[in-house]
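Q: pasting the sequence and the predicted model now:
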Amino acid sequence: MVLNTNIDRYLLAEKAGTEGVWDWDLRSDTLYLSPRFKDFLGLPPGDPSRETNRPNDWLSLVHPEDVDWLHASFEAQMVGLSVPFQIEHRVRRADLTADSATESKANPHWRWLVCRGMAVMDDAGEPVRLVGSVADITDRKHAERELRRSEERYALAAAGAADGLWDWHIDSGEIYYSPRWKAMLGFEDAEIGGTVAEWFQRVPPGDLDGLRTAIELHLSGERPHLQHEFRIRDKSGAEMWMLVRGLAVRDDKGAAIRMAGSMTDITARKKAEQQILFNAVHDGMTGLPNRTLLLDRIGQALDRNRRVGARPFATIIIDLDRFKAINDALGTSAGDRVLRIVAKRLDASRRVGDTLARLSADEFAVLIDEMDDAGDALAAAEHMARSISRPVTLEEGHEFVLTASIGVALSQTGYDRAEDMLRDASLAMYRAKSGGRARIDVFDTNLRRQAMAAMRMEADLRAALEQGQLCLHYQPIVLLETGAIAGFEALMRWNHPERGLVPPVEFIPLAEETGLIAPMGRWALGAAVRQLAAWQCRFQRPTPLFMSVNVSTRQFRDDDIVGAVRDLLDVVPIPPSSLKLELTESLLVQDPDECRMLMQSLRDMDVRLSIDDFGTGYSSLAYLHKLPVDVLKIDRSFVKAVSTGEGNAAIVQVIAGLATILRLDAVAEGVETEDEAVYLRGLCKYAQGYHFARPALPEAVERLLAAEDEHIALPAPA
Ligand code: C2E
Ligand code: CA
Ligand code: CA
C-alpha cells in the first residue's frame, strides 16, 4: 500500500471508476471522503481539496446492525491484519430522513455499500491511517433478494409437481424410477431400466464419490436422512444439477433394506449462484476478470514463483490515453462501446493462459505467466499497444486512433504481495503517461524511490504555499528597437529553507501533476499584478509597463481563471491590457472549443494572451487565427540557433513573418548575445534574455527602471 496523501490522485482514481474513496487520518482523526463517497452518503460535495470530515460523518449514517461489524474490521486492521477487509453494509442517506430502519427498494433512505479498506502503518508498525474504497451495491443486493424469493417459490412448486421419485430395494438391488425422474433427464419411460447403474453412470466421476458417501452415511445411520447436491448428464449429454433427498426403511436390527426419495432439478439455482460468484470477480461490462480475481491470480503466480526453477512472470497495466475526451465528446454509451472493443482486442492478443482483467473504466491489466525472460513481457506489451492503436470505427462513422500508456512490473523485482506488484506496474504506467503517453515503461526500484521523494516533495510544496516560501522574480522584456524595458515576465521561485532558491523546473511539473499548480498559479497572478500596479504608478511610461504571467494548462482547465482575473482587476488599478497571460500550445489542442471560450472571455476583459514557447509544441497554424491571441513567444531553441548557425535560424524568420501576417507581437525568448539581438531587431518587436537582464528580485528591477528614468530625464545635449 503506497502512502498517498494525494487527494487529487484520489479524485483522478475516482473519475476512472465507479467507486468512492476514503482516507482516515488516525492521528488527527480526520476523514477524507471523496466526492463520489459523499454522494453515496447524500452529503454535500464540499471542497474536495479540504479534509474537513470527521469519521462520525460516515459512521453515524451506518445502519445500527452493521456498525459494530465495521468497527471490528477497523480494529482488526489496526492491529495488523494483513488482508484488507471487505464488508457490505447499509447506510442512511444524510439528506433524507429515514422513516424506518428497514431497507427495501421502496425505501430509498438506505443504500447498500461494499467497503474495502486497510491500515497504513508507519515505520514502527503503528497504524497511522485507514484507507479504502466504497462502491454502491444496492442494485445487486435487491437483485439477490429477488432471486432468493423466486427460489423459494420455485422450491414449493417443484416439491409438488416437478420432482422425480425413486425407490431402491437394497437387498435385491432393484430400483424404481418414476416417469418424471426419467423425463427430467430427457428420457421416455421405457428408455431407462431398473438398475442403480442407470443413475450412477450418468454422474460425472468428480461427483460420484460424494454422492456415494452421502448415501452410505445415511445407510449406516450416521446421518438421519439423505440430502445431497450432485451433477448428472441428461440424454443430450448436458450437465444438470440435482438435489437428492431420501430416507431408508430399516429392518428390526436397524439395517437398511430399502431407501426411497426424490430428485429435484436445481440447475437454475446453481447457475444463478455461479453467476453471482462469477459477477463478484468479473467486470459486468466486458465480462473480464476484475481486480479481485487478478490479484488472486498474481498471488498464485507469486506462490508458484517461490519454487526453485520457476519461470519469471510479469504484470502489465494498460491505461488508455485521453479516454475521458472520448467520453466527453461522444457520450458515455459510445465510450462503453469503445471500451468493449478494446477489451476484445486485448483478449484476442493475449496468450492462452494469461489473465486479462479490467481494473477500472479505462484501465486494463494482464498477468503474463511463464516467461523466458523480461523480453517476453515487453513483446507482449508492444503487441497489446499495437492492437489498441488500430483505428476504431463506431457505427455512427466516428473513426479515431487510441493509444495507451503501459506499465510493466517483473517478478524478478521480488514481491511478496500481489498488491505490491500491481502498484509498481501502476507507477511504471504513470511514468509512461507523464513521459508523453503512448509509451511502455518498466518498473525499477528507482521508480519507487522517486515516487516516495515526489510524495515528500508534494507535502513540502503544499507547506511552501501556505508558509509563503514561494516568491516571484521578474525578468524584463525589452523593446528591441530601443532596448528600453517594456514589461516583465513573472517567474516563480521556491525559497526552500534548506535547499535555497529552487528553480521552477524542479517543482512546477509536480505541482501540475498534483493540481497544486492551481492555487500556486492564482497566488502568482495576484502577486505579479499587484507588483505591476506599484511599478506603473512609480515608473510612468507613455505605454504602461506590462506583466506577463505564466498560466499552466492544468491551472487554466481546473481553476476559474476568468473569475480570478476579473476579481483581481476589480481591486487592482491597472489597465487590463497590461496583463498578459502566457499559455502553452499544448493547451490549445486539447480542448479547442472550451479553450477558445475561456480565452475569449479573458480577451473581452481586454486582457492579452500570449503563446509561450511557440514552435516547440503541436504548432498548428490552423488554430492560431481562430483564437484570440496577441503575442507569440519564440522559443529559446530557435533564438539560440541564430548564433550557432544551425538551420533553425530560419525558423525565427518564419515565426516572425507569421506573427506579422496574423498581426501578433513577437517576443524572442532567451536572447543571450549581442549578435542574436542584432539579428532579431528587424524581426521581432520584443526580446527577453540574459543579454538584457536576468530574472531578479523587485529591488534589482526597480534599480534598472530608475536608471532608465534618469537616462530619459537627462537634458538633451545642446
Ligand atoms: P518559460 O515560461 O519559458 O520562462 C522562461 C525561462 O527562460 C525562465 O526560466 C527564464 O529564467 C529563462 N531564461 C530567460 N532568459 C534566458 C536566457 O537568456 N538564457 C537562458 N538559458 N534562459 C533564459 P525559469 O525561471 O527557470 O522558468 C522555467 C519555466 O518554469 C518557465 O519557462 C515556465 O514554464 C515555468 N514557470 C516559471 N514560473 C511560473 C509560474 O509562475 N507559473 C507557471 N505555470 N509556470 C512557471
Ligand atoms: Ca513563460
Ligand atoms: Ca517560454
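A: That came in fine, so what should we check first? Ligands and ions are numbered 1, 2, ... in the order given.
Q: name the element whatever residue of the stretch 101-250 of the chain ends up closest to ligand 3 belongs to?
A: Using CB to the ion, V131 is the residue of the stretch 101-250 of the chain that sits closest to ligand 3, at 39.6 Å. Heads up, the C-betas are built off the backbone N, CA and C, glycines and all. In this assignment (DSSP states H and E), V131 forms part of strand 127-136.
Q: for that strand, packing partners?
A: Applying 3 or more CB pairs under 8 Å, 6 or more residues apart in numbering; DSSP states H and E, one finds that strand 127-136 contacts strand 20-25, helix 35-41, helix 64-78, strand 110-121.
Q: which one of those lies nearest to ligand 2?
A: Within the helices and strands packed on strand 127-136, the stretch nearest ligand 2 is helix 35-41; the backing value is 33.0 Å (CB to the ion).
Q: can you pull the buried residues of stretch 674-685?
A: E676, A677, Y679, L680, L683, C684, K685 (16 or more other CB atoms under 10 Å).
Q: that one near ligand 1 at all?
A: No: Stretch 674-685 lies out of reach of ligand 1 by CB under 6 Å from any ligand atom, never closer than 9.0 Å.
Q: got the contact list for that stretch?
A: Contacting residues not belonging to stretch 674-685 are listed as 479-481, 634, 639-640, 642-643, 649, 652-653, 656, 659, 665-668, 671, 687, 689, 691-692 [CB atoms under 8 Å, 6 or more residues apart in numbering].
Q: kindly recompute the last result at 10 Å.
A: Here stretch 674-685 makes contact (CB atoms under 10 Å, 6 or more residues apart in numbering) with 477-481, 483, 486, 631-634, 639-643, 649, 652-653, 655-657, 659-660, 664-671, 673, 686-687, 689, 691-692.
Q: any regions of this protein where pLDDT drops low?
A: Under the criterion of pLDDT under 70, the regions of the chain flagged as low confidence span 1-17, 47-51, 97-108, 147-162, 617-622, 646-648, 712-718.
Q: can you pull the residues of it lying near ligand 3?
A: Applying CB under 5 Å from the ion, one finds that the chain approaches ligand 3 through D612, D613, E669.
Q: can you pull the contacts of the last one?
A: With CB under 10 Å, 6+ apart as the criterion, the residues that contact E669 are 475, 477, 489, 612-614, 633-640, 684, 686-689.
Q: measure it to D444 for me?
A: 36 Å (CB to CB, to the nearest Å).
Q: residues contacting E466?
A: The neighbours of E466, taking CB under 10 Å, 6+ apart as the test, are P519.
Q: specify the local secondary structure of I87.
A: Three-state call for I87 (DSSP: H, G, I helix; E, B strand; the rest coil): strand.
Q: please name the bridge partners of it.
A: C115 (DSSP bridges).
Q: give me the neighbour count for the residue of the stretch 101-250 of the chain closest to ligand 3.
A: V131: 22 surrounding residues under other CB atoms under 10 Å.
Q: among the buried residues of stretch 674-685, which ones are in helices?
A: E676, A677, Y679, L680 (DSSP state H).
Q: would you check which pair of those lies furthest apart?
A: A677 and Y679 (7.4 Å; CB to CB).
Q: still on that earlier bit, what's the closest of the residues of the chain next to ligand 3 to ligand 2?
A: Distance to ligand 2, by CB to the ion, is smallest for D612 among those, at 4.3 Å.
Q: how about the closest one: what's its closest non-neighbour residue?
A: Nearest residue to D612 in three dimensions, chain neighbours excluded: E582, at 4.2 Å (CB to CB, 6 or more residues apart in numbering).
Q: interface residues of the protein facing ligand 1?
A: Counting by CB under 6 Å from any ligand atom, the chain sits next to ligand 1 at 475, 490-492, 503-505, 508, 517, 521, 524, 550, 552, 582, 612-613, 636, 670-672, 688-690, 695.
Q: please, a ChimeraX command that selects the buried ones among these?
A: A single ChimeraX command suffices to select whichever of the residues of the chain next to ligand 1 are buried according to 16+ other CB under 10 Å:
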select :475,490,491,492,508,517,521,524,550,552,582,612,613,636,670,671,688,689,695
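Q: among the residues of the chain next to ligand 1, which are in strands?
A: Q475, A490, L491, M492, N550, E582, D612, D613 (DSSP state E).
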